[in-house]
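S.K.: I'll drop the sequence and a predicted model, then ask my questions.
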Amino acid sequence: MRARMIPFYTLCRREVARFMKVLVQTVVTPMVSSSLYLLVFGVSLGSRVDSQNGIDYLAFLIPGLMMMGLINNAFQNTSSSIVNAKFTGELEDLRIVPLSHHQIIWALGFGAVVRGGLVAMITYVAGAIFYALTKNQLLGIHSFPEFFFFMVVGGLVFGMLGLSTAFWAKTFDQLSAVSAFILMPLSYLGGVFISIKSLPPFWQQVSALNPLLYFINGLRHSVNGVSDVPVLSCAILSLVSLVVFYAIALLSLKKGSFHRW
């Protein structure tokens, strides 16, 4: 049994080592972007923005930026891994290595969680420093189990989405379009910067159809103890999303092309 797990552990380590070799691109750049968001929106404009759900705007903003960073980097990690493997022909090797499709998905998902979680935690630390300097208070964690749950499930879901998208995409432009024109707008409209309760009723109903709303608010509840939607609903939808995207990733891996671009 242990011998069978060695290839799985090897693939997990390779996924982590792959993005660790380019830390400036994979970690430092998202960290700078998050810090700028915190400085401009949270610190500079935060004092002029009404409190959201009864908490300071900066405290409200930090979990949203954490989940946005987690989502984007988890997606980019698996999608870039598959795209690079397509380009170099490494995907053909996955047909002969002693790994099942399930092990490949979980190994790639693990890499996505590590990269996304690392960016999210750096965002949290940067936000906590800004919060301590401006408010003279510490930003704690309301619920560690919730925090761990939404970080891990969020990373897995969007890592599997990245895997599926990379198999579907025929060009690099198509892959970039999903991130730029689907994930990013949904993140912005999912309550990263404002509470949906401040929107007109019609747009609240529209926002309720955005799946990212539940991931963002789930993590926000774990940090601040407040949420626009019940945290149980966030957890259930997150688990449903995990099952759905796992099935899609499995189908994509079984039917995906193993030929070079």
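M.R.: Received the coordinates, thanks.
S.K.: in the lengthiest helix in the chain, what's buried?
M.R.: Longest helix of the chain, by residue count under DSSP state H: helix 101-135. Across helix 101-135, burial judged by 16 or more other CB atoms under 10 Å covers 103-120, 122-124, 126-128, 130-131. Where C-beta positions appear, they are placed from N, C-alpha and C, glycine not excepted.
S.K.: how about stretch 249-256?
M.R.: A249, L250, S252, L253, G256.
S.K.: in a markdown table: the residues you listed, plus secondary structure and distance to G225.
M.R.: Formatted as a markdown table, those follow (DSSP: H, G, I helix; E, B strand; the rest coil; distance: CB to CB, whole Å):
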| residue | secondary structure | distance to G225 |
| --- | --- | --- |
| A249 | helix | 33 |
| L250 | helix | 36 |
| S252 | helix | 38 |
| L253 | helix | 39 |
| G256 | coil | 42 |
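S.K.: which one of the residues you listed is nearest T171?
M.R.: G256 (15.4 Å; CB to CB).
S.K.: pull stretch 137-145 out as CSV, backbone CA atoms only.
M.R.: What follows is stretch 137-145, C-alpha atoms only, in CSV (Å, rounded to 0.1, in the frame of the first residue of the first chain):
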residue,chain,number,x,y,z
GLN,A,137,-6.6,46.1,17.2
LEU,A,138,-5.8,42.5,16.3
LEU,A,139,-7.7,40.7,13.6
GLY,A,140,-8.5,37.3,14.9
ILE,A,141,-10.1,34.2,13.5
HIS,A,142,-13.8,33.6,14.5
SER,A,143,-13.8,29.8,13.7
PHE,A,144,-10.7,27.8,12.8
PRO,A,145,-12.7,24.8,11.6
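S.K.: what lies in contact with it?
M.R.: 59, 62, 124, 127-128, 131-132, 147, 221-225 (CB atoms under 8 Å, 6 or more residues apart in numbering).
S.K.: sorry, back to before: please tell me how far the longest helix of the chain is from the chain's geometric centre.
M.R.: 8 Å (CA atoms, centre = their mean, to the nearest Å).
S.K.: what angle sits between the next helix or strand after that helix and helix 101-135?
M.R.: Following helix 101-135 in sequence order, the next helix or strand is helix 144-168 (DSSP states H and E). With axes from the mean of the first three to the mean of the last three CA atoms, to 10 degrees applied, the angle from helix 144-168 to helix 101-135 works out at 130 degrees.
S.K.: buried set for helix 144-168?
M.R.: Applying 16+ other CB under 10 Å to helix 144-168 flags 146-147, 149-167 as buried.
S.K.: where do the helices of the stretch 151-261 of the chain begin and end?
M.R.: 172-178, 184-188, 201-207, 212-224, 231-255 (DSSP state H, counting those that start in this stretch).
S.K.: deepest of these, which one?
M.R.: helix 212-224 (a mean of 26; mean count of other CB atoms under 10 Å).
S.K.: and that helix, C-alpha only, in PDB?
M.R.: What follows is helix 212-224, C-alpha atoms only, in PDB (Å, rounded to 0.1, in the frame of the first residue of the first chain):
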ATOM      1  CA  LEU A 212     -18.500  32.500  -5.600                       C
ATOM      2  CA  LEU A 213     -20.700  34.500  -3.200                       C
ATOM      3  CA  TYR A 214     -20.900  31.400  -0.900                       C
ATOM      4  CA  PHE A 215     -17.200  30.700  -0.900                       C
ATOM      5  CA  ILE A 216     -16.400  34.400  -0.100                       C
ATOM      6  CA  ASN A 217     -19.000  34.700   2.600                       C
ATOM      7  CA  GLY A 218     -18.100  31.300   4.100                       C
ATOM      8  CA  LEU A 219     -14.500  32.500   4.600                       C
ATOM      9  CA  ARG A 220     -15.700  35.900   5.800                       C
ATOM     10  CA  HIS A 221     -17.800  34.200   8.500                       C
ATOM     11  CA  SER A 222     -14.900  32.100   9.600                       C
ATOM     12  CA  VAL A 223     -12.800  35.300  10.100                       C
ATOM     13  CA  ASN A 224     -15.400  37.900  11.200                       C
END
